[in-house]
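[1] Just to be clear, the model below is a prediction. Sequence and coordinates:
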Amino acid sequence: MATIDTPHPPRLLDQVRDKIRVKHYSIRTETQYVQWVRRFILFHDKRHPREMGAAEVEAFLTHLAVKGNVAAATQNQALSALLFLYREVQGIDLPWLDNVVRAKRPARLPVVLTRQEVSAVLDRMSGTHGLMAQLLYGTGMRLMEVVRLRVKEMDFGLVRGVVSPLDAV
């Protein structure tokens, strides 16, 4: 008598990865979300998220803020990862999380360089890194956009004259 091998359903973290890739999230987002889901499961003694709900999510996020002393942005990233897990992967809508102790955002004023300071920094940079810094400053591109930039993506026909990135300000 032949037995039919039924394939096992994909593991939870593989389901998270698959859903993230279907939605075309960045590889860094995928890495962080999977890491947060794994930490959440380990925090609750390897219980499956299907067995848990809003109370466990609140406990984990509160633990991050109180015991883990994480920054507000870090706690928000963990929350986003868990909401993704429940909404997109598990198909479960969690009720609003009112009882989460939120990490405090520090009151900081941004440091802004003067045009002369920016010019002094860019003048001291040369080569590939100098070009990348000028592109970052002059175009407003993100770091990974500059790192992945290819020559064929440039439109040199639009250049009317050499302009310093400082002239754009």
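    Here it is on my side, so go on.
[2] wait, isn't residue 57 in contact with residue 94?
    Yes. Using Cβ atoms under 8 Å, residue 57 is in contact with residue 94, at 6.4 Å. To be clear about C-beta, it is placed using only N, CA and C from the backbone, and glycine gets the same treatment.
[3] shared neighbours of the two, which are they?
    residue 86 (Cβ atoms under 8 Å, 6 or more residues apart in numbering).
[4] And these two? Which one has more around it.
    Higher neighbour count among residue 57 and residue 94: residue 57, with 22 against 18, using other Cβ atoms under 10 Å.
[5] any idea how far the more buried one lies from residue 82?
    According to Cβ to Cβ, to the nearest Å, residue 57 and residue 82 sit 5 Å apart.
[6] Which neighbours do these two have in common?
    Common contacts of residue 57 and residue 82 (Cβ under 8 Å, 6+ apart): residue 40.
[7] list the contacts for the residue most central in space within the chain?
    With distances taken as Cα atoms, centre = their mean, residue 29 lies nearest the centre of the chain, 4.4 Å away. If you count contacts by Cβ under 8 Å, 6+ apart, residue 29 has them with residue 20.
[8] and the helix or strand hosting it, average pLDDT?
    Using DSSP states H and E, residue 29 sits in helix 27-43. Taken as a whole, helix 27-43 carries a mean pLDDT of 96.
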